[in-house]
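Participant: okay, here's the prediction I keep looking at, along with the sequence it came from:
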Amino acid sequence: MTSVAEAPPPSPSKRFQFLIIATSIINGIVMNTWHSKDSPVFETKNSKSIVHPFIVKGHRGLTINPYQGCQHRCGYCYATYEWSPEFYDKIYAKSNAPEVLESQLKSWKSDTIEPVMVSSATDAYQPAELKYGLTRKCIEILQKYNVPYYVFTKSKIIERDLQLHQKYKDDCFLVWSITTTDEKIRRVIEPGTPPAHSMFKVIKKFADAGVCCGVSIDPILPFISDSPDHVQEIVDSCYDAGVAYVFGALLRLRSDIWERVKIILELLHIENGIDQYKNVIYQFKEPLKPWFNVGANKSYETSVLQRLKEKVLEKGMIFDFPDLIRNVRLNSNKNPSAYPGGEQAILLSYM
């Protein structure tokens, strides 16, 4: 029988659970517990509106979010604000989203409309989509009204809608967010996502079907996924899959995100990682103020992104997010001849 003194160290999974629980107790923040073997609870809710304006990195547009919360459990997730403390564990399906979307488009006050992002604060193709199908229904309505759109996802489930997006390929842009090709890292930082190699197989199917595809390497995590070899492997996989656009961004820290990142650094055994983040890369003192975002220092950020850009351009891909259509004519019931002579605005011509 093993004595206490001879007892083996706790397994990585038990050690992880201890760190998660300890951090949650210390900080009193439920949203830090992003790792769980339990499936999230699904609930339905009604929304008064589904189309909302947004601005991201200088790009203006509209967004719809058929779901609230996300099952992918990414430790670095920016959408885990205080207004959604059960973000990982309770997924709300906006059951009336398709009907509200169509109602809003029918009553649109302008004859023009900007591109729609599906989705900005969740993953439109998370597992809940298999149960509710809200994303597919919303996409069908966007196509019905000739609205250009782009989708950000970390899922393979989007493959189900290959033909749906293919028939609209001139007016849609699909982006997969891929953070790492290292399975050891993925299981720690984003345990609810599929492995990168399986996502690249799906991407290739869309690219082969003529759909414009992009990969966002966002966030790039210092000392975890920022090495030249790490970045090169993702870029090579993008090229092999026929990706047209590749872009990326450095991790931004916020108080809740920082608490989770500290656990990640410990679990991945990044030596002096916490001190390096605080004193070198992000240069801040604890505690971080709620809602306050901290970016990496400019010299480090420039170095990492310049290296990524060089690798992307070497492969003949485009290091950028494509320019999107501005003020597209909306084909609504009040304006049935939005495209005179049947001519449609083409999203790809603006890229």
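Facilitator: Sure thing, it's come through. Numbering: from 1, shown residues only.
Participant: quick one, strands of the stretch 101-250 of the chain?
Facilitator: Under the criterion DSSP state E, counting those that start in this stretch, the stretch 101-250 of the chain carries strands at the ranges 112-113, 116-118, 149-153, 172-177, 213-220, 245-250.
Participant: strand partners (parallel or antiparallel) of the first one?
Facilitator: For strand 112-113, the pairing partners within the sheet under DSSP bridges are strand 328-329 (antiparallel).
Participant: which stretches of this protein form helices?
Facilitator: Shown for the chain, the helices assigned by DSSP state H span residues 12-27, 97-106, 128-132, 134-144, 162-166, 183-189, 196-208, 228-241, 255-267, 273-276, 298-314.
Participant: and Tyr78, which of those helices is closest to it?
Facilitator: With CB to CB, the closest approach to Tyr78 among these belongs to helix 255-267: 7.2 Å. All C-beta atoms are positioned from the backbone trio N, CA, C, and that covers glycine.
Participant: for the closest one, packing partners?
Facilitator: helix 12-27, helix 183-189, helix 273-276 (3 or more CB pairs under 8 Å, 6 or more residues apart in numbering; DSSP states H and E).
Participant: which residues touch Met117?
Facilitator: Phe54, Val56, Gly61, Leu62, Thr63, Ile64, Tyr149, Tyr150, Val151, Phe152 (CB atoms under 8 Å, 6 or more residues apart in numbering).
Participant: can I get those in JSON lines with distance to Phe173, pLDDT and neighbour count?
Facilitator: Putting these into JSON lines (distance: CB to CB, whole Å; pLDDT from 0 to 100; neighbours: other CB atoms under 10 Å) gives the following:
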{"residue": "Phe54", "distance to Phe173": "16", "pLDDT": "80", "neighbour count": "14"}
{"residue": "Val56", "distance to Phe173": "14", "pLDDT": "65", "neighbour count": "11"}
{"residue": "Gly61", "distance to Phe173": "11", "pLDDT": "81", "neighbour count": "20"}
{"residue": "Leu62", "distance to Phe173": "14", "pLDDT": "92", "neighbour count": "19"}
{"residue": "Thr63", "distance to Phe173": "14", "pLDDT": "95", "neighbour count": "18"}
{"residue": "Ile64", "distance to Phe173": "15", "pLDDT": "97", "neighbour count": "28"}
{"residue": "Tyr149", "distance to Phe173": "8", "pLDDT": "94", "neighbour count": "24"}
{"residue": "Tyr150", "distance to Phe173": "4", "pLDDT": "92", "neighbour count": "21"}
{"residue": "Val151", "distance to Phe173": "8", "pLDDT": "96", "neighbour count": "22"}
{"residue": "Phe152", "distance to Phe173": "10", "pLDDT": "94", "neighbour count": "20"}
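Participant: not counting its neighbours along the chain, what's nearest Trp223?
Facilitator: For the record, residue 223 is Phe, not Trp. Nearest residue to Phe223 in three dimensions, chain neighbours excluded: Ile270, at 5.0 Å (CB to CB, 6 or more residues apart in numbering).
Participant: what are the phi and psi angles of the one you found?
Facilitator: Dihedral pair for Ile270: phi -80, psi 110, per degrees, to the nearest 10.
Participant: check whether it really touches Asp226, as I assumed.
Facilitator: No: with contact defined as CB atoms under 8 Å, Ile270 does not reach Asp226; the gap is 11.4 Å.
Participant: so for the two, which residue has more residues nearby?
Facilitator: Asp226 (22 against 16; other CB atoms under 10 Å).
Participant: need the pLDDT of the more buried one.
Facilitator: With respect to pLDDT, Asp226 scores 97.
Participant: then Leu347?
Facilitator: 38.
Participant: about what we covered before: okay if I get the helices of the chain as a markdown table plus mean neighbour count and distance to Ile217?
Facilitator: Below are those laid out as a markdown table (neighbours: other CB atoms under 10 Å; distance: least, CB to CB, whole Å):
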| stretch | mean neighbour count | distance to Ile217 |
| --- | --- | --- |
| helix 12-27 | 13 | 25 |
| helix 97-106 | 19 | 29 |
| helix 128-132 | 17 | 24 |
| helix 134-144 | 20 | 23 |
| helix 162-166 | 15 | 22 |
| helix 183-189 | 17 | 13 |
| helix 196-208 | 18 | 11 |
| helix 228-241 | 17 | 6 |
| helix 255-267 | 21 | 17 |
| helix 273-276 | 15 | 20 |
| helix 298-314 | 15 | 7 |
